[in-house]
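Engineer: sequence unknown, structure follows:
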Ligand SMILES: [Cu+2]
């Protein structure tokens, strides 16, 4: 009698345990993939987590760094490390300049633009008006 009970409990444990094990395995795999991606993606400017809510503008950290100085002909790569969508769009929220526009960047997605001309380029996020940054291009 006792043996039968143990066998039944073991079978139930197996039935519950196997799917749980698969879930844990697949979760570990996903985490691994994200880690791998992060080491591959190299950005000059990062959109970090929680910038989709107002507040980052107070510490000038919506784009990190918010101001970057490069030489003429250099490129800048932005990486969206947030879990929300963002954009890198030239100009100001109420006045886009149409020099560059990343469109919506998915989490972990990046955008690169080569600056051929000297100048100061303001940019913003079309989804979050408080997100502002600047690229300063100097003579090489
Ligand atoms: Cu944004």
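Structural biologist: Cool, got the structure. Because the structure is a prediction, the values reported are computed rather than measured.
Engineer: check whether stretch 92-101 contacts the ion.
Structural biologist: No. Stretch 92-101 stays clear of the ion (Cβ under 5 Å from the ion), getting no nearer than 10.7 Å. (Glycine included, C-beta is placed from N, CA and C.)
Engineer: in stretch 100-107, what's buried?
Structural biologist: Across stretch 100-107, burial judged by 16 or more other Cβ atoms under 10 Å covers 100, 101, 102, 105, 107.
Engineer: looking at these, which is nearest the ion?
Structural biologist: residue 105 (8.6 Å; Cβ to the ion).
Engineer: residues from this protein in reach of the ion?
Structural biologist: Going by Cβ under 5 Å from the ion, the residues of the chain near the ion are 86, 125, 127, 128, 131.
Engineer: how about the second one, what does it touch?
Structural biologist: With contact set as Cβ atoms under 8 Å, 6 or more residues apart in numbering, residue 125 has these partners: 47, 62, 86, 87, 88, 89, 131.
Engineer: from residue 58, how far off is residue 127?
Structural biologist: Distance, residue 127 to residue 58, by Cβ to Cβ, to the nearest Å: 19 Å.
Engineer: tell me which of those two has more neighbours.
Structural biologist: Counted by other Cβ atoms under 10 Å, residue 127 and residue 58 do not tie: residue 127 has more neighbours, with 14 against 9.
Engineer: for the more buried one, helix, strand, or coil?
Structural biologist: Secondary structure for residue 127, judged by DSSP: H, G, I helix; E, B strand; the rest coil, is coil.
Engineer: test my guess that it contacts residue 88.
Structural biologist: No. The pair residue 127 / residue 88 is not scored as a contact, 11.1 Å apart, by Cβ atoms under 8 Å.
Engineer: direction included, what does the helix or strand where residue 100 lies pair up with?
Structural biologist: Using DSSP states H and E, residue 100 maps to strand 95-101. When pairing is defined by DSSP bridges, strand 95-101 lines up against strand 89-92 (antiparallel).
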